[in-house]
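Undergrad: please work out how this folds:
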Amino acid sequence: MKISICLFSLAFIFSSCSHKHLTIVKNVDVFDGEQVLKNVDFAFSAAGIEYISGKKKRRRNATVIDGKGKTILPPLVNAHVHVRNSDNLKESLKVGIFGMLDMFSTDARANSLRAYNDSLAYSRFFSSNVGATPPGGHGTQFGVNIPTINDTVSPRQFVMDRVAQNADYIKITQEYSMSRLAAPQLRELIAEAHHQHKLTIVHVSDLQDAIDVAKQNADGLAHIWYRKGSVSKEQDLKLMREKNIFIIPTISVIEKVIKQAEETGLEENYLSFEALKHEVRKLHEQGICLLAGTDSPNFGMDYSSQYFKELLFLKECGLSEIEILKCATVNIYEKFNLQGFARLQTNGEASFLLVTGKPFLKIEDIKNEKRIWKNGVEIS
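TA: Residues are numbered from 1 along each chain as shown. Reported below is the predicted structural model:
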């Protein structure tokens, strides 16, 4: 019995030591989500971040990684995707995208993908499940049988059904070219979602629809407006700023919509790409919160490289490197109140990217070689 107890005690000690084994990235720059800490030591284990400092004495038995010329970033998140299968979650994590915000799925698919959320190998999955739309509205054109808001399903019931199906937030569609929800339905949807402590994110393509849903107190827009004539005025932007609405511009997918329209002679229906970027620039200049998202896999867009192209588009719209990194990280954490996502700090989770280069000075470096740790474990 004594021998067994001793062996158990030794096993516990060795297990604890392994869990606490320290890795130090030395002489590295760290963007913690708010500011850049230059030439520091970043120490972590599976238990979390032990310290971020330039003054700590390094432990003799720690694993040391040379961070010179490299940058540590907090977990990236794609704020607008449509996840088809678990491989999409693997693909995204391999490039440092730790969270995928799905913006319309079936209840069954969304719940099956949530089963991967405890796995180290997969990006964390969040979803609206089915989006709120009327018969003939956006989302019904794909031939999949989905619930709609109709004579028998009220807006309130729709929200309650999504909450029962584990939806993380409520997606609403107001597509200018298809059937749209009436103002009273919108009002009831948004009010019930807020009563259930859920955010509301609205698909729009036309500026007037964006203004209307902002007046109804929607929390965010899933796209910026891009139809012809959708040129915002100062009072429009002032309204959105006062309503504290956030916007996921999804420049990636709208660029492809505009390009396809130009190739098929339908460009008169949309803003030019330069006009679109100017609208994003105006949002930024007015202090309206922007989040990075792609709307993959529309137009064959992937769940990895397209995200970095989206960040470069934001630079073309006048955002600085630090502002872009915030769009890809803390802006999303805070607006969606994402559990398990936070700025890098002592005692926080050791989930981060180690990127070659300095993306806080040159955002193009975000595409460079990188190493990725999730909960202190390196993802190969």
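
Undergrad: tell me where the protein has helices.
TA: Shown for the chain, the helices assigned by DSSP state H span residues 2-20, 86-93, 107-114, 155-164, 183-195, 207-215, 234-242, 251-263, 273-285, 305-316, 321-328, 330-336.

Undergrad: rank those helices by pLDDT, which is bottom?
TA: Among the helices of the chain, helix 2-20 has the lowest mean pLDDT, at a mean of 42.

Undergrad: find the nearest non-adjacent residue to Leu189, please.
TA: Residue nearest to Leu189 in three dimensions, not counting chain neighbours: Pro155, with 4.1 Å by Cβ to Cβ, 6 or more residues apart in numbering. Every residue, glycine included, has its C-beta placed from N, CA and C.

Undergrad: the one you found touches Ala132, doesn't it?
TA: Yes. Between Pro155 and Ala132 there is a contact under Cβ atoms under 8 Å: 7.0 Å.

Undergrad: how about a markdown table for the helices of the chain, with mean neighbour count and distance to Lys362 added?
TA: As requested, these are arranged in a markdown table below (neighbours: other Cβ atoms under 10 Å; distance: least, Cβ to Cβ, whole Å):
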| stretch | mean neighbour count | distance to Lys362 |
| --- | --- | --- |
| helix 2-20 | 10 | 36 |
| helix 86-93 | 20 | 23 |
| helix 107-114 | 17 | 35 |
| helix 155-164 | 19 | 42 |
| helix 183-195 | 18 | 40 |
| helix 207-215 | 20 | 33 |
| helix 234-242 | 14 | 29 |
| helix 251-263 | 18 | 19 |
| helix 273-285 | 18 | 19 |
| helix 305-316 | 20 | 10 |
| helix 321-328 | 22 | 7 |
| helix 330-336 | 20 | 20 |
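
Undergrad: go through those helices and name the closest to Leu37.
TA: helix 321-328 (12.7 Å; Cβ to Cβ).

Undergrad: next, the angle helix 273-285 makes with that closest one.
TA: Put simply, helix 321-328 runs at 90 degrees to helix 273-285, going by axes from the mean of the first three to the mean of the last three Cα atoms, to 10 degrees.

Undergrad: list the contacts of helix 321-328.
TA: Applying Cβ atoms under 8 Å, 6 or more residues apart in numbering, the contact partners of helix 321-328 are 31, 33-34, 36, 73, 76-77, 284, 290-292, 311, 314-315, 319, 359-363.

Undergrad: show me which of these are buried.
TA: Among those, those classed as buried by 16 or more other Cβ atoms under 10 Å are 31, 33, 36, 73, 76-77, 284, 290-292, 311, 314, 319, 359-360, 363.

Undergrad: that older thread, okay, and the common contacts of Pro155 and Ala132?
TA: Joint contacts of Pro155 and Ala132 (Cβ under 8 Å, 6+ apart) are 149, 181, 189.

Undergrad: from those residues, which is closest to Val95?
TA: Leu189 (34.9 Å).

Undergrad: roughly how far does that closest one sit from Thr173?
TA: Distance of Leu189 to Thr173, computed by Cβ to Cβ, to the nearest Å: 11 Å.
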